[in-house]
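[1] Let me see the structure of the following:
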Amino acid sequence: MPVRLKNWGPELITIGILIAAIAAIELRRAAFHLSPQGQKWTPTDNEGYPRIVRDSSGDTIIMTSAPQRIASETLGSDELLFGVCAGNRLVGVSRVALDDRYSNVAEQVKSLSIPTIETVEQTVELTPDLVFVASYSSAEQVELLRSTGIPVFRLNDFDHISGIIGNIRAVGYAVGEDRCAANLTSRIKKRLNEIAIRTHHDSNAPRVMLYDRSGYTAGANTLFDEMLHTVGARNIAAEHGIQGSTRISAEAIALWQPDFIVAGAAHGEFDQVRQALLSDPAIASSPAGRPGRIIIIDDRYLLCVSQYFVQAVEAMADALYGPSGIRTHE
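    Modelled structure (predicted):
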């Protein structure tokens, strides 16, 4: 037996190293929780109140005490509020919060039996202490809400990583969960730094672009552009002068010849979306048309404006370089 173990020594060492590496990867993934759904909720006290809160649009709100009844009219604010440990105080959420094709908190909303809201009247009936809306919310409905005397916090700046981190901090401060918000932003920064370290080593950066079935792409000054920079990739749309999100024709793909195309899809529809894209001759004949170069990312992560964008960054890094950080496509 000792002889046989000796003969197998190098192989056993190699297997041990592989097991340790896999375990490290899984541990790295498992340790990152974007929403503290598993923790025990505790009541929020009024430490630090009253406080003056300035929302993302610059409006000032005076909060005399920590809000105990919070309403959220957008999916982004739904997810942010769960992320800063305030999910147990939600008395109403957006209709989309229950749609698990786009919502990252659908199960939590269901488990807490939180009602959805679609109108100002429904929101007012919930008697909230604070209502969260977004820059894309109806201006008329926002003014109607404010006319009732209910404090309204408007969120914006969803096109930059710093904007999302700023929103997390602002929401946490508004609801009295500063510590939880700080913890979440710290973990986000740590994870993004880890991703950047394992992907920024390739002198020949992959040329990537977003292109969905509707023909939309994302250029400079978008969250997608920053996500690509985080994983050490080039945004071909931005390099060709595209600003923001806009629709383009497939002819642009034929001209730009991206190495990879990123598209979003609901979970369960990845193959369907991939095949639909490859049915376009311009995509099929481009370098991105080669096997493995159409990167499909869950819509819940690619389209979100909350902490869950990190999952999209992770998915792109893995698709471009693999979990080990080694470039898998040449």
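
[2] For Gly264, name its beta-bridge partners.
    Ile297 (DSSP bridges).

[3] Enumerate every residue touching it.
    Under the criterion of Cβ atoms under 8 Å, 6 or more residues apart in numbering, the contact partners of Gly264 comprise Asp212, Val273, Ile296, Ile297, Asp298, Asp299, Leu302, Leu303. Every residue, glycine included, has its C-beta placed from N, CA and C.

[4] what's the answer for Thr199, then?
    By Cβ under 8 Å, 6+ apart, the contact list for Thr199 reads Thr230, Val231, Gly232, Ala317, Leu320, Tyr321, Gly325.

[5] for stretch 260-271, the distance to its chain's centre please.
    A distance of 15 Å separates the C-alpha centroid of stretch 260-271 from that of its chain, computed with Cα atoms, centre = their mean, to the nearest Å.

[6] what about Ala317, how many neighbours?
    Counted with other Cβ atoms under 10 Å, the neighbours of Ala317 add up to 22.

[7] Start at 27, not 1
    All set: I'll call the first residue 27, so the last point we hit is now Ala343.

[8] Skipping its backbone neighbours, what lies nearest it in space?
    Residue nearest to Ala343 in three dimensions, not counting chain neighbours: Val257, with 4.6 Å by Cβ to Cβ, 6 or more residues apart in numbering.

[9] Can you give me the separation between the one you found and Ala280?
    When distances are taken as Cβ to Cβ, to the nearest Å, Val257 and Ala280 turn out to be 25 Å apart.

[10] and the contacts of Gly290 as a markdown table, adding distance to Ala123?
    Shown next, in a markdown table, are those (distance: Cβ to Cβ, whole Å):
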| residue | distance to Ala123 |
| --- | --- |
| Asp238 | 23 |
| Val299 | 24 |
| Ile322 | 24 |
| Ile323 | 20 |
| Asp324 | 16 |
| Asp325 | 14 |
| Leu328 | 18 |
| Leu329 | 14 |
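
[11] can I get those in a markdown table with pLDDT, distance to Thr174 and neighbour count?
    Converted to a markdown table, those look like this (pLDDT from 0 to 100; distance: Cβ to Cβ, whole Å; neighbours: other Cβ atoms under 10 Å):
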| residue | pLDDT | distance to Thr174 | neighbour count |
| --- | --- | --- | --- |
| Asp238 | 91 | 39 | 20 |
| Val299 | 96 | 43 | 18 |
| Ile322 | 97 | 44 | 21 |
| Ile323 | 98 | 40 | 22 |
| Asp324 | 97 | 37 | 22 |
| Asp325 | 97 | 34 | 20 |
| Leu328 | 97 | 36 | 26 |
| Leu329 | 95 | 31 | 18 |
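
[12] of Val257 and Ala280, who's got more company?
    Neighbour tally, Val257 and Ala280, criterion other Cβ under 10 Å: the higher count belongs to Val257, 24 against 14.

[13] which ones are touching the more buried one?
    Taking Cβ under 8 Å, 6+ apart, one finds Ile221, Ala222, Thr225, Val339, Met342, Ala343, Leu346, Tyr347 in contact with Val257.
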